[in-house]
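> Output the structure for:
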Amino acid sequence: MHLSREEIDARLEELRDKLPQSILEELRQELHRAKLTKEALESIIEEVLKRYEYARVEPGEAVGVVAAQSMGEPSTQMTMRTFHYAGVAELNVTLGLPRIIEIVDARKKPSTPMMTIYLEEEYARDKEKAEQVAQEIETLYLEDLLEKSEIDIVHQRVNLYFDEYEMRRRKVEMEEVLKKLGSIKGVSTEVAGNVVSVIPEKTSSIKELRKLENRVKGIHLRGIKDIRRVVLRREGEEYVIYTEGSNLKDVLRIEGVDITRTKTNDITEIQRVLGIEAGRNAIINEIQDTLNEQGLTVDVRHLMLVADMMAVDGTIKAIGRHGVSGEKASVLARAAFEITVDHLLHAAVAGEYEELEGIVENVIVGRPVKLGTGMVELVMRRELEEAKEVKEAE
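Next up, the predicted model:
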């Protein structure tokens, strides 16, 4: 006879002290889908408890050292190259060891920032609508529409020769361009076919005309700043936008963008826009993706520990002397890492106290490390033992 949901819930309630809440909830959802007898339920629970116990860390386990080795060893197998991104030949992205270094160094900007923008269902299945969103995202400067530009020193003007094919492809009207040019103070415009002349009101030197030319070419017509290129790809049933450059905050405001799936490889930006928990998850996902791409498997718990250490203070810190290692409580541990004399000098001036709690400092002074068997301290009262021996001898 199959058990009801209430009976399953009642049995799981008994395990509240033995399993974490998250595992219990996941187990509950899975068990509700299945039709189970009492014997089957008990065997499943027994197996789950066994696996949970096996997965737990033993007291005194050097989790930091294990995590460091588990990440460090596969990283030495990596090739130091920049790969083309997952079939998007037009976009380059840093992968392999340089990417791992970038993440653990908590660089403010990745060397190849990029975004993967997913669209809401209505836009994702319609190519025209997806292209419309892509055009709205891609930064377009006036310079991108020009065949060439020239300075006419005789007639005191800058001539802009527009590429009609580019204007059609980018769906830009001349009125839009003239409106932007009209916003520049102290100049007027003349149009003759695909040539627009920008004329300063005052007589200008060639240096001033060259400045005007650069200013005009740099006019921002549309799109999101920092996103230089956009590639639209069909993946399965939907269209996905890949970008060169990243600006998460502004992209999430665009209509049609699926804010739940859109992501960037700029971890600092994720932390700034979505918060520290999202930043922590991004560190885990980015390291895991980089390792998987190289065909290397590392248990996610090691990566979680690294991410926790980087994000524990509420901002993402590098693993180095400017971050995690440089902020250790132990003077000797900091001194053993880098700039030894400075650390010892500052500690002496500040009157810091060395607790000898960690690994490095105990190794330095030649004491047993408080890990594994070294964390257990036994005291034997000798006089009791001697009294016992005397009694036995009698």
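
> In three-state terms, label the closest residue to residue 339 other than its chain neighbours for me.
Excluding the flanking residues, the one nearest residue 339 by Cβ to Cβ, 6 or more residues apart in numbering is residue 321, at 6.8 Å. In short, each C-beta sits where N, CA and C put it, glycine included. Secondary structure state of residue 321, per DSSP: H, G, I helix; E, B strand; the rest coil, is coil.

> list the contacts for residue 321?
Residues near residue 321 by Cβ atoms under 8 Å, 6 or more residues apart in numbering: 334, 337-339.

> Residue 355 too?
Residue 355 sits in contact with 329-330, where contact means Cβ under 8 Å, 6+ apart.

> let's have the chain start at 13 instead
Sounds good: first residue 13 from here, last item residue 367.

> is it fair to say it lies in a strand?
No. Per three-state DSSP, residue 367 lies outside any strand segment and is coil.

> Is it correct that residue 143 is in contact with residue 243?
No. Counting by Cβ atoms under 8 Å, residue 143 stays clear of residue 243, with 11.5 Å between them.

> shared neighbours of those two, which are they?
Counting by Cβ under 8 Å, 6+ apart, nothing touches both residue 143 and residue 243.

> Output the below-cut-off pLDDT ranges for this structure.
91-102, 406 (pLDDT under 70).

> What segments of it are strands?
Ranges of strands in the chain, per DSSP state E, are 94-97, 100-106, 126-130, 152-153, 158-164, 169-174, 199-204, 207-212, 232-234, 241-247, 250-256, 275-276.

> Can you give me the distance of the residue nearest the centre of the chain to residue 290?
Centroid check for the chain by Cα atoms, centre = their mean gives residue 279 as the closest residue, at 3.2 Å. Applying Cβ to Cβ, to the nearest Å, the value for residue 279 to residue 290 is 9 Å.

> circling back to that earlier point, who wins on neighbours among the contacts of residue 333?
Of all the contacts of residue 333, the highest neighbour tally under other Cβ atoms under 10 Å goes to residue 346, namely 24 neighbours.

> which non-adjacent residue is nearest it?
In space, residue 346 is closest to residue 355, 4.6 Å off (Cβ to Cβ, 6+ apart).

> can you pull the contacts of residue 119?
residue 280.

> same deal with residue 293?
Contact analysis of residue 293 by Cβ under 8 Å, 6+ apart lists residue 319.

> I figured the residue nearest to the centre of the chain hits residue 117, correct?
No. Under the contact definition of Cβ under 8 Å, residue 279 does not touch residue 117, with a separation of 10.7 Å.

> which residues of the stretch 213-362 of the chain fall in helices?
218-229, 260-263, 279-286, 288-305, 312-323, 343-349, 352-362 (DSSP state H, counting those that start in this stretch).

> So which of those helices is nearest residue 381?
Of all those, it is helix 343-349 that lies closest to residue 381, at 12.1 Å by Cβ to Cβ.

> From the chain's centroid, how far away is that closest one?
Centre-to-centre, helix 343-349 and its host chain are 29 Å apart (Cα atoms, centre = their mean, to the nearest Å).

> now swap in stretch 203-219 and tell me
How far stretch 203-219 lies from its chain's middle: 46 Å, per Cα atoms, centre = their mean.

> first to last residue in it, what's the distance?
24 Å (Cα to Cα, to the nearest Å).

> Show me what that stretch is in contact with.
By Cβ under 8 Å, 6+ apart, stretch 203-219 touches 163-165, 167-176, 186, 189-190, 193, 196, 198-202, 220-221, 224, 228.

> among these, which ones are buried?
By neighbour count, with 16 or more other Cβ atoms under 10 Å, the contacts of stretch 203-219 hold 168-172, 174, 189, 193, 199, 201, 221, 224, 228 as buried.

> How is the protein divided into domains?
17-67, 71-124+277-330, 152-234, 340-406 (automatic domain parsing).

> wait, which of those domains is closest to residue 253?
Residue 253 sits nearest to domain 71-124+277-330 of all the domains of the chain, at 10.6 Å, using Cβ to Cβ.

> how long is that closest one end to end?
28 Å.

> same question, stretch 385-395
Its first and final residues considered, stretch 385-395 spans 26 Å by Cα to Cα.
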